[in-house]
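Chemist: any chance you can model this:
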Amino acid sequence: MEAALYGPGGFYVRPVGPGPAGHFRTSVHASALYAGAVARLLGWVDERLGHPDRLDLVDVGAGRGELLAGVLGALEPGTAARVRPYAVERAAAPQGLDPRILWVAEPPRGVTGLLFANEWLDNVPLEIAEDGRYVLVAPDGTESGGGPLEGEDLAWLERWWPDPGRAEIGRPRDEAWASAVAGLERGLAVAVDYAHTRAARPPFGTLTGFRAGREVPPVPDGSCDVTAHVALDACAGPGAVLLSQREALTALGVSGGRPPLALARTDPAAYVRALAGAGEAAELTARGGLGDFGWLVQPVGIPAWRP
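Modeler: Below you'll find the predicted structure:
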């Protein structure tokens, strides 16, 4: 998985092609309303921090910088002038990147502000286990049995995924998230992803692949995204809050309600715009779709954000 995604010619680091947006649709790509909601959350953090001279915004797993560009565009000029935006991405920076954005390979240290990771943890490589043994996967996707589980991997499964059968050992995600949050001196860290909790782990796992908008077998040869859902409850640190995206975005002002019909008579153009926005909001918050994404909200030195 590491080689397929991030090795030479890996899916996420290859210098040519459309990038992740050409293969799957995230909330960032679905609507500018998502960036607007993140901008409002950043404003909440800014208030709790007392409006510091420098307000950090860290986008982990930044793709081509689409979310950062959207948030910067949604902020008031005075606030945007204080924001120091970081794009954390292992691929090279794209051409035409906003010169304000600092492109880095690892989450920065000494951050004060908002760290936001949209669909990052599902691409942190992990091991697969089945019936108490590791699963080995060849470059063509063929699986075979490996050695027995041991050490920290076994301890993680016993604590977080105790039912026998097929499982995805989320320990590397826990460690990656803890390391990212450790760089935050004060502020809020948010991870948004396909997720499940201990009470409802999927009995056959979730490992899959995506290419050109279609779900495909997770062949680790660099030709497709290889991803697995995240055990967000295992990642959560002290004071963390777990929410659905529907709950979080609704609290941040994203509503799928239809505009009043009276607006169609008084201002038809505004009605059409509002109707389009309602449709986009409905997609972002839909049950059975993007609205079911998990949000892990981790405060550091400030109160927890709750709807």
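Chemist: could you report the neighbour count for residue 223?
Modeler: 13 (other Cβ atoms under 10 Å). Where you see a C-beta, it was placed from the backbone N, CA and C, and this is true even at glycine.
Chemist: no, scratch that, I was asking about residue 303
Modeler: Neighbours of residue 303 (other Cβ under 10 Å): 9.
Chemist: for the nearest residue to it once chain neighbours are set aside, phi and psi?
Modeler: Of all residues not flanking residue 303 in the chain, residue 48 sits nearest, at 6.5 Å (Cβ to Cβ, 6 or more residues apart in numbering). In terms of degrees, to the nearest 10, the main-chain angles of residue 48 are phi -70, psi -30.
Chemist: doesn't residue 302 make contact with residue 48?
Modeler: Yes. With contacts counted by Cβ atoms under 8 Å, residue 48 reaches residue 302, the gap being 4.4 Å.
Chemist: need the residues touching each of these two.
Modeler: Residues touching both residue 48 and residue 302 (Cβ atoms under 8 Å, 6 or more residues apart in numbering): none.
Chemist: show the contacting residues for residue 42.
Modeler: 55, 57, 71, 75, 79, 83, 113, 114.
Chemist: sorry, slip of the keys, the one I care about is residue 72.
Modeler: Per Cβ under 8 Å, 6+ apart, neighbours of residue 72: 80, 83, 85, 98, 100.
Chemist: for the most centrally placed residue in the chain, give its distance to residue 253.
Modeler: When Cα atoms, centre = their mean is applied to the chain, the residue found nearest the centroid is residue 118 (1.9 Å). In this view, residue 118 and residue 253 are 18 Å apart by Cβ to Cβ, to the nearest Å.
Chemist: equivalent analysis for residue 207, please.
Modeler: Counting by Cβ to Cβ - residue 207 and residue 253 are separated by 35 Å.
Chemist: more neighbours: which of those two?
Modeler: Taking neighbours as other Cβ under 10 Å, residue 207 and residue 253 compare with residue 207 leading, 20 against 11.
Chemist: let me know the pLDDT of the more buried one.
Modeler: Residue 207 is assigned 95 on the pLDDT scale.
Chemist: go ahead and confirm residue 171 touches residue 126.
Modeler: Yes. Here residue 171 reaches residue 126: they are 7.4 Å apart, a contact under Cβ under 8 Å.
Chemist: which residues of the stretch 201-307 of the chain score low on pLDDT?
Modeler: 256-265, 267-268, 270-279 (pLDDT under 70).
Chemist: for this protein, what spans make up the helices?
Modeler: Using DSSP state H, the helices of the chain run over residues 2-6, 27-30, 32-48, 66-74, 77-82, 151-160, 171-182, 232-235, 245-251, 261-266, 268-285.
Chemist: could you export those as JSON lines, including distance to residue 105?
Modeler: Shown next, in JSON lines, are these (distance: least, Cβ to Cβ, whole Å):
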{"stretch": "helix 2-6", "distance to residue 105": "10"}
{"stretch": "helix 27-30", "distance to residue 105": "20"}
{"stretch": "helix 32-48", "distance to residue 105": "22"}
{"stretch": "helix 66-74", "distance to residue 105": "16"}
{"stretch": "helix 77-82", "distance to residue 105": "25"}
{"stretch": "helix 151-160", "distance to residue 105": "25"}
{"stretch": "helix 171-182", "distance to residue 105": "13"}
{"stretch": "helix 232-235", "distance to residue 105": "21"}
{"stretch": "helix 245-251", "distance to residue 105": "28"}
{"stretch": "helix 261-266", "distance to residue 105": "47"}
{"stretch": "helix 268-285", "distance to residue 105": "29"}
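Chemist: quick one: low-confidence residue ranges for the stretch 1-150 of the chain.
Modeler: Those would be 15-25, if you go by pLDDT under 70 across the stretch 1-150 of the chain.
Chemist: make it 80
Modeler: Applying pLDDT under 80 to the stretch 1-150 of the chain flags residues 14-25, 30.
Chemist: can you pull out the strands in it?
Modeler: Remark: strands assigned in the stretch 1-150 of the chain by DSSP state E, counting those that start in this stretch are 55-60, 83-88, 102-104, 111-118, 127-130, 133-137, 143-148.
Chemist: so of those strands, which one's packed in deepest?
Modeler: strand 55-60 (a mean of 26; mean count of other Cβ atoms under 10 Å).
Chemist: neighbouring strands of that strand in the sheet, and parallel or not?
Modeler: Partner strands and pairing direction for strand 55-60 (DSSP bridges) are strand 83-88 (parallel), strand 111-118 (parallel).
Chemist: any chance of TSV for those, columns distance to residue 216?
Modeler: Below are the strands paired with strand 55-60 laid out as TSV (distance: least, Cβ to Cβ, whole Å):
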stretch	distance to residue 216
strand 83-88	27
strand 111-118	22
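Chemist: all good on my end, thank you.
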